[in-house]
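Enquirer: Output the structure for:
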Amino acid sequence: MKIIFLTTLIGLLFNISFFFSNGNIIDTKLKHHKFDKENYEKIFYLKNKESVTIYCTKHSEHESVQKIKYQQHNGGGTKNKFKITKVEK
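Expert: Numbers count the residues shown, from 1 in each chain. Coordinates of the predicted model:
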């Protein structure tokens, strides 16, 4: 019962996150990227320092997205940064 509740809660958090961001991400170089719902879900569930190669709809190309979590000083909590690089085919 707890597993079903947690899965539903995490799914709800993802849907709320996608609703407000609409798949938009700003990377560490302050550049704007936009992903569809399936690709944004892959980014949402990434662990720290893992990366995934997905399709950016804004730039019409595949990009490698790496999630970097860090602690802010003075009790600011945990923040996420996204390092996005272009994938050469």
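Enquirer: Which pLDDT value belongs to residue 2?
Expert: At residue 2, the pLDDT value in this model is 85.
Enquirer: give me the number of residues near it?
Expert: Residue 2: 6 surrounding residues under other CB atoms under 10 Å. To be clear about C-beta, it is placed using only N, CA and C from the backbone, and glycine gets the same treatment.
Enquirer: That one and residue 26: what is the separation?
Expert: 35 Å (CB to CB, to the nearest Å).
Enquirer: which residue ranges form the strands in the protein?
Expert: Using DSSP state E, the strands assigned to the chain run over residues 24-26, 32-34, 51-56, 61-71, 78-86.
Enquirer: Pull up the pairing partners for the first one, direction included.
Expert: To tie it back to what came earlier, the one meant is strand 24-26. Applying DSSP bridges, strand 24-26 is found paired with strand 32-34 (antiparallel).
Enquirer: And the last one, by the same measure?
Expert: Its sheet considered, strand 78-86 pairs with strand 61-71 (antiparallel) by DSSP bridges.
Enquirer: on contacts alone, who are the packing partners of the lengthiest helix in the chain?
Expert: For the chain, the helix with the greatest residue count under DSSP state H is helix 2-21. Here helix 2-21 touches helix 37-44, going by 3 or more CB pairs under 8 Å, 6 or more residues apart in numbering; DSSP states H and E.
Enquirer: Show me the residue sitting in the middle of this protein in space.
Expert: Centroid-nearest residue in the chain: residue 43, 3.5 Å away (criterion: CA atoms, centre = their mean).
Enquirer: can you tell me how far that residue sits from residue 74?
Expert: 28 Å.
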